[in-house]
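Trainee: from the sequence below, what's the structure:
(4 chains)
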2 protein chains.
Amino acid sequence: MTSILDVARRAHVSPATVSRVLSDANHAVSAATRARVLHAAEELDFVPNALARGLLKSRLPIAGVIVHDITDPYFAEVTRGVEDAATRSGYLVITCSSDRDPGRELSYIRLLRSMRAAAVVFAGSGIVDAELDRQVQRQLTAMRGYAAAVVHLSPHAGGEPTVGIDNAGGVASMMRALIELGHQRIAFLAGPSNLYVNHERLAGYRAGLADAGIAYDPQLVVESGFDASGGATAVDRLMERDSNVTAIACSNDLLAIGAHQRLAELRIRVPDDVSLAGFDDIPVASRVAPSLSSVRVPLHELGYLGFRHAERALAGHRPRRRTLPTEVILRESTAPPAGSRRPPSEPSRLVTA
Amino acid sequence: MTSILDVARRAHVSPATVSRVLSDANHAVSAATRARVLHAAEELDFVPNALARGLLKSRLPIAGVIVHDITDPYFAEVTRGVEDAATRSGYLVITCSSDRDPGRELSYIRLLRSMRAAAVVFAGSGIVDAELDRQVQRQLTAMRGYAAAVVHLSPHAGGEPTVGIDNAGGVASMMRALIELGHQRIAFLAGPSNLYVNHERLAGYRAGLADAGIAYDPQLVVESGFDASGGATAVDRLMERDSNVTAIACSNDLLAIGAHQRLAELRIRVPDDVSLAGFDDIPVASRVAPSLSSVRVPLHELGYLGFRHAERALAGHRPRRRTLPTEVILRESTAPPAGSRRPPSEPSRLVTA
DNA sequence: CTGAAAGCGCTTACAG
DNA sequence: CTGAAAGCGCTTACAG
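Mentor: Numbers count the residues shown, from 1 in each chain, chains lettered A, B, ... in the order given. Below is the predicted model of the structure:
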């Protein structure tokens, strides 16, 4: 393996000088010397050992992204956003699919700590789990020992995300859109309540109801897993309780897609018999049939800005929190309730805070 | 930051002993001493500095995965497979979305080299680009200098993948299935020809035709990008040339999904007017409407076995190449051609080598 | 503007 | 079974 010593010998300078040129340190080097070093490094195809540098700097230019599952389109988009920002700065991105398992999440964080990852980005919602939170805090405190940056892109035990979206406002906007279509009995597939994000989305459902003067009926709220199969079982439970809903809003798109599949099996048509709306607007939402109405979340931007935030914190700044806007996207899965006199609405967009 | 010295002091042993216990080196340590060290490490929540260890070992337990785009479901699945195998061994996974851009790919590889990544996994097909290949080889040679493992999961300039699938056989099987349904004029959306994988898939198309004694007609083969928009433009070009095809086979699922969207705009019904088949069987294939017939590729397993291969190579073994089986999955998008006397086939599965 | 030297936090022959 | 010491490949005060 060629080292900085080889370059130094070839350029007839000291290793210190090579270091100063190659790590573009803030130290004057004569133009001639610089050129000799650059030339020698080029000839040798020299790539400095980032581990040696990291050992000295006490951290490696790597960002770890904690996701539920990299194959979940939500997290893939966010991760790509992180990666695009990271690449610009010579950082590499480690993906950690925790499956929302506290043990896995913790073990990933310890591994990131052992490698002195400069940044850790929590892409998904925090899990309601006091013991996990205690342990995670312990690790993050240790990571602050080497000045790592920590960023949250969703609500968590510590409160507000670093860069986030208005979950409650987004769901409330979708509720408003459904109510404007003529719906009154609107169910909510709330996902798992052990995720902080779902507290906010449920609050948005209730706010949307309250704004329209519709009474909240707990029978219309169903908890379940946060994926397609959760949506299917949620539909079953909803039907046991009340089959008179004309619309179903969901806490994310995967729930809506699973709900649709179950509804189809039950011969309940979307949107003829019941309207269906998701949240997040993952790419597949526009490709299923009928295409899914959803609340657009700028996922790539969330990841991109998340990394930028970390980067600024690493540079010693105190960047401020951000909340990104969401947007209601009405597609084929939502329509006025059967028997309604209103004309079918055309695709529309409503921007929210 | 607490170091091995802190643990040593607390346990009243030398740093060498701490190292031997914590890195479970092959060196005898008395049970009592071991217990004291473990206890001290636990109390201090000590996490060893992987950079110091990596500097000594000349590599870091990290696997870099070169993908086209982590938001492409094909690559997300493969990456998850790599991650699941990596986690078992305490390795972390870096995702590198190159967008199939030679410059980006090369810069990712150099970065992985600088961090002394123990393994690099090329998840997607190699690009036909002699200069890129030369540069990549140069980097990989340098990485061999620290005994990194390199794995290919798809055909590339160097030839066969390390762990791969039978691309030609898979497409040929799908062709057989279409021909059995009664199709004779079958187009092929071949994707970009600058990807080695598409040479094999096109060969499978030709072999399928030849096996059935159907003449090859170059007018029925359309090259394009490898994503949904490529599929849409390919349909346009196909229609300019020949609108009498009764089936369209595609080199991947995204092409098929894009083709379907364009066909719908042209009021050409699937499968009534034309049958449509993809390749890869990414998760969304079964969720679009009509559901897409495809060739199932064990993507997760591909990634999983890819990492296992790298791991065995790192351990000094000479693991052998593997070819994983594919399987034709017939869904709603394929049916007998209009006017055919054959009954619609029911969903079936055909396993191939 | 340039270089000699110490040191980051580990691991591992080597000696006992 | 245990420890002292050298060294992995860089960076950075310090001296000139």
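Trainee: list the neighbouring strands of whichever strand or helix holds A:Val120 plus their orientation.
Mentor: Assessed by DSSP states H and E, A:Val120 sits inside strand A:117-122. Looking at strand A:117-122 with DSSP bridges, its partner strands are strand A:60-67 (parallel), strand A:149-152 (parallel).
Trainee: so which residues make contact with the last one?
Mentor: Where contact means Cβ atoms under 8 Å, 6 or more residues apart in numbering or on different chains, the residues beyond strand A:149-152 that reach it are A:118-122, A:126, A:140, A:143-144, A:158, A:160-164, A:306-307, A:309-311, A:313-314. To be clear about C-beta, it is placed using only N, CA and C from the backbone, and glycine gets the same treatment.
Trainee: run through who's touching the very next helix or strand once past that strand.
Mentor: Counting by DSSP H and E, the element after strand A:149-152 in chain order, helix or strand, is strand A:163-165. By Cβ under 8 Å, 6+ apart, the surrounding residues in contact with strand A:163-165 are A:151-155, A:297-298, A:302, A:305-306, A:309, A:321-326.
Trainee: what's the mean pLDDT across strand A:163-165?
Mentor: Averaging pLDDT along strand A:163-165 gives 97.
Trainee: for chain A, which residues are neighbours of DNA strand C?
Mentor: With Cβ under 7 Å from any atom of the strand as the criterion, chain A meets DNA strand C at residues A:12-17, A:20, A:27-30, A:32-34, A:52, A:55-56, A:58.
Trainee: are any of those residues buried, and which?
Mentor: A:13, A:17, A:20, A:29, A:33-34, A:52, A:55 (16 or more other Cβ atoms under 10 Å in any protein chain shown).
Trainee: quick check: buried residues in stretch A:85-99?
Mentor: Going by 16+ other Cβ under 10 Å, stretch A:85-99 has these buried residues: A:85-87, A:91-98.
Trainee: assign a three-state SS to the residue of the stretch 151-300 of chain A found nearest chain B, would you?
Mentor: Chain B sits closest to A:Ala289 of the stretch 151-300 of chain A, with a gap of 3.3 Å, by Cβ to the nearest Cβ. What DSSP: H, G, I helix; E, B strand; the rest coil gives for A:Ala289 is coil.
Trainee: the closest residue in space to it that isn't next to it in sequence: what's it in contact with?
Mentor: Closest residue to A:Ala289 apart from its sequence neighbours, by Cβ to Cβ, 6 or more residues apart in numbering or on different chains: B:Ala289 at 3.3 Å. By Cβ under 8 Å, 6+ apart, the contact list for B:Ala289 reads A:288-289, B:332.
Trainee: change it to 10 Å
Mentor: A:260, A:264, A:287-291, B:260, B:270, B:332-333 (Cβ atoms under 10 Å, 6 or more residues apart in numbering or on different chains).
Trainee: got it, and A:Thr326?
Mentor: Applying Cβ under 10 Å, 6+ apart, we find A:Thr326 in contact with A:165-167, A:169-171, A:173-174, A:279-281, A:294-298, A:350-353.
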